[in-house]
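Enquirer: sequence and predicted structure, then a few things I'm wondering about:
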Amino acid sequence: MDDLEKAIIISFDESGNINPSLKAQAIAYSQQIKETPSIHRLFIERLSYSNYTQVQFWCLQALEEVLRLRYSSLNSDERSFIRKSITSIACLEGLDGQDSSTIRVLNAPVFVKNKLAQIIVTLIHLEYPIAWSSIFLDFLSHLSKGPLVVDMFCRVLNALDEELISLDYPRSQEELQAAVRVKDAMRQQCVPQIVGAWYELVTLYKDSNPELAASVLDTMHRYVNWIDIGLIANEVFVPLLFEIMLSELKLEHLRCASSTCVSSIVGKRMDPQSKLTLLRKIQINRVFSLVLGDEETQLKSTVSDLLTCYATEVLDCSKRLDSEKVCESNIDYKSLSIELLDEVLPSVFYVMKHNEIDSSFNTVQFLSNYVSTMKSLSPLREKHILHLGQILEVIRARICYEPIYRENLNIPDKIGMEEEDRMLEYRRDLFVLLRSAGRVAPDVTQLFVRNTFATALGSSEMQIEEVEAAISLLYAIGEAISDEGIRTGTGVLGEIVPLLLSARFPCHSHRLVALAHLETVFRYAKFVQEHTEYVHVVLGVFLDARGIHHPNRRVSRRASYLFTRVVKLLRGHLIPFIPTILQSLQDTVVEFTRSDWSAKELKGMGSEDGSHIFEAIGLLIGMEEVSPDKQSEYLSALLVPLCRQVDSLLSNSRQQNPADNAANVVRIQQAIVAINALSKGFSERLVTTGRPTIGYMFKQTLDVLMQVLVVFPKHEQLRSKVTSFLHRMVDTLGPSVFPYLPRALEQLLVESEPKELVSFLVLINQLISKFKGEMGAILEEIFPFIASRVFHILPKDVFPSGPGGNTEELRELQELQRTLYTFLHVMTTHDLSSVFLTPKSREYLDEIMRLLLYTACTHKDILVRKACVQIFVKLIRDWCTLSNEEEKVPGFRSFIIETFATNCCLYSVLDSSFELRDANTLVLFGEIVAAQKVMYEKFGNDFLIHFVNKGFPAAHCPQNLAEQYCQTLQLVEI
């Protein structure tokens, strides 16, 4: 072993036992060797004589670099030497007459032989057919040397397909042109000989070396799509392929390779008449028996792909015959396509129902295409109805979960959630197919679903997965039925829906079955609007052990959410059942505020935490049709215990260590969430005008919840919950909420973080939008605190961009800034700009103006810029008087004329980033034009003179255009 070999072996070492410094030296040394002139001769010499695979691979890798990077600098003799040497190695000719040297390479590991094949393909790419026309013929003449050369020949053809010819990989324009050149030359020179060699090699090795024969067929199928199909689809080659496929004595890999070749022949693009003639000659019925049986094998899967491909091609031919002008012929090709399709479809349905199908043939797409051909048939023939039934059976079988995941799905773990996500995606196309079938033959589809559901309902032996599938089929067809159709119970729905509503399955305790049933009941709940005799039945579904009282928490929480939606849908029909409903939900209400919210099964439920049950109750008892006494009784029975709970927990928290308050905080949160949800059922008119007693109850509740901010002034989650409740009370109590606002807003402003401050400003925006000018006095008190806090938090400089500019903290600050602009916009558009001028607020006016100006000119969000321009327009209208009157805000007039007008209304518009082809930018431009018109109306010639004499010259605008602008602005109406 010389120094080079030592360096190569050290550089490839991944054991970690080599000193890093030594390894770096070895890499540097071997890299230095590569730079030596005419080094390719050393590469080839070492390749042939070295016993180390690392050295062989390094030499091949280095030679490939020479060809890819330095090929143009090689002279003709050097190129010729490389070609001959590589050919000698690949074809077992030997160097200097010694065959043993080349055998060493062809006996090397796979990665060495594949690298050799890639080098030959690189040479073909560069030199075939001009400089190196004999490569394929050279190989063919040496195939008789045995398996080593045959194996290398296959590797070269595979690499040629992968590296240059196949369109399955992205190609450059140069590569596409090279591929065309190589294919054209091969067709003219050697394709028939190569195909002949394939046949001879498969015949020779199918018994003695079946793995090698399989390799030959694996190579061949790659080339079928661009060579003359007659070379393979003939009376010689096709019988050989079927002989191998049908022989139980042959290696399975070889039989699969043969099937794949037949699939390539079947998928070859050609005119429909020629294709149908070819497909008839293939006699596909010979392989039908290969897909039968329960055992899953690779052969069964491959033949299933073949049958699906065959059916897809026949169907495609049939459709093309309908759309293309077909020359007259003695053969009725349309009848032939129907005959071939009828022959293969039973086997296709069988494999789709029982076997795993390779997604490359998109079996669902085939079935969808087949169903679409039936749309033009009216009425459907018996044959098509039979086929539709089989397609529906395929769908039913395919949407079933695997039983091995049953427990993983019942109490979902990582495996179960992944399987559920996979099936959700997998089912999507199958349900589209189901709805397509429903449009083609609604009665047939609905009857199938009805029978499947009835069977699941009546069988105690049906698997959980089959029951869930039956329910899911009923759910899926509902999407294709109109609301009116569901309400009236069109077709067999009048029979199916009552069965669904009263259904109780033996496996109802399983999460998947229970959830599917609840979702499906809700989907068809509109049926009960017209058929009110089923109101008590649908209530039973949600209120008993099938729904809210289901033992699985995830089911019961989902049932609470769906029940709320059912209440919204059937609200008017539920009044007689309110006492029964409340009695049934009593334990659920108590459980909600006492649940162990750290329990594993409750984590990750998001919004479906069970609080919807309080919204449902609120919707029921908040109806005006409920008597005042009963309404007060019902509400009091809920609010009083919740408020007592909060009051008690707050008292305990005052006496406890903050670290010990975690459990109290969680229960307080849940009580607030429950009260908030409950209030959603009560309208402002009912609470403030119709039944003030109800309003008084909510005010008492508000009194209690305001104490939360006193006891927990810095607890982010509790502050958020109270803020959310205040939003509700603004809508529910209306103006009577005013006495509570100063104290509440003062508490919410204490040490607010950016996220909390955003929520606070959103609340203020709601209050301003609802109460408008009545908010003036409150804003005068709180605005200085808001401005002080916001300007303290927001950075003085521009937000950073690029790396490090997308942190959670920065996103929160950007959201706060956007909310601030909205807040200022809401204030000005609701005639509250005078708040800015109060003594306490005035000190922030300059900073506000600078921020608004900068944003109006440069903010990347065009809609934010538009809002800032609108703020300035409103302030100009509010604060600026005619020129001979005293200024309301000293200095504001000159700021607008000298700074805002030129910077925002001129320079920002001329900036290259101002893209008028963008719709939002065009809207912004309209606001800027409107601002100029308002400035002219308020300031007259003072504005125009400064704008024209100072602004336009600075922007290098000709004087005549400036004057034309002035005339237009004076005349235009905005």
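Expert: Looks like it arrived, so ask away. Here the structure is a predicted model, which is why all the values come from computation and not from measurement. Residues are numbered from 1 along each chain as shown.

Enquirer: export the helix or strand harbouring S264 as CSV, just CAs?
Expert: Secondary-structure element containing S264, defined by DSSP states H and E: helix 252-266. Taking Å, rounded to 0.1, in the frame of the first residue of the first chain, the C-alpha atoms of helix 252-266 are listed here in CSV:
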residue,chain,number,x,y,z
GLU,A,252,-41.1,-14.3,-7.7
HIS,A,253,-38.8,-11.3,-8.4
LEU,A,254,-38.5,-12.6,-12.0
ARG,A,255,-42.2,-13.0,-12.4
CYS,A,256,-42.8,-9.5,-11.0
ALA,A,257,-40.3,-8.1,-13.5
SER,A,258,-42.1,-9.8,-16.3
SER,A,259,-45.4,-8.3,-15.1
THR,A,260,-43.9,-4.9,-15.0
CYS,A,261,-42.7,-5.2,-18.6
VAL,A,262,-46.2,-6.2,-19.7
SER,A,263,-47.6,-3.1,-17.8
SER,A,264,-45.1,-0.9,-19.7
ILE,A,265,-46.3,-2.5,-23.0
VAL,A,266,-49.9,-1.9,-22.0
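
Enquirer: pull up the distance across stretch 284-292, start to finish.
Expert: 15 Å (C-alpha to C-alpha, to the nearest Å).

Enquirer: let me see the mean pLDDT of that stretch.
Expert: Summarised as a single mean, pLDDT over stretch 284-292 is 91.

Enquirer: residue numbering should commence at 24 henceforth.
Expert: With 24 as the first residue, the last one maps to stretch 307-315.

Enquirer: ok, residues contacting that stretch?
Expert: 265, 268-269, 282, 322-323, 326-327, 329-330, 333, 363, 366-367, 370, 373-374, 378 (C-beta atoms under 8 Å, 6 or more residues apart in numbering). From N, CA and C alone the C-beta is placed, and that goes for glycine too.

Enquirer: rerun at 6 Å
Expert: For stretch 307-315, contacts defined as C-beta atoms under 6 Å, 6 or more residues apart in numbering pick out F265, K323, V326, S327, Y333, V367, S370, V374.

Enquirer: just stretch 936-945 next, same as before
Expert: I885.

Enquirer: quick one: average confidence on it?
Expert: Here the average pLDDT along stretch 936-945 is 89.

Enquirer: give the buried residues for it.
Expert: For stretch 936-945, burial by neighbour count (16 or more other C-beta atoms under 10 Å) applies to F937, T944.

Enquirer: pretty sure S286 is touching C332, no?
Expert: Yes: S286 is in contact with C332 according to C-beta atoms under 6 Å; the separation is 4.9 Å.

Enquirer: neighbour-wise, which of the two wins?
Expert: Set S286 next to C332 and count neighbours by other C-beta atoms under 10 Å: S286 wins out with 24 against 21.

Enquirer: OK, contacts around the more buried one?
Expert: L329, C332.

Enquirer: try R303
Expert: R303 neighbours (C-beta under 6 Å, 6+ apart): none.

Enquirer: helix or strand right after the host helix or strand of it?
Expert: Following DSSP H and E, one finds R303 within helix 295-305. Per DSSP H and E, the first helix or strand lying C-terminal to helix 295-305 is helix 321-346.

Enquirer: that following helix vs helix 295-305, what angle?
Expert: 150 degrees (axes from the mean of the first three to the mean of the last three C-alpha atoms, to 10 degrees).

Enquirer: just checking, next helix/strand downstream of helix 321-346?
Expert: Counting by DSSP H and E, what follows helix 321-346 is helix 356-377.
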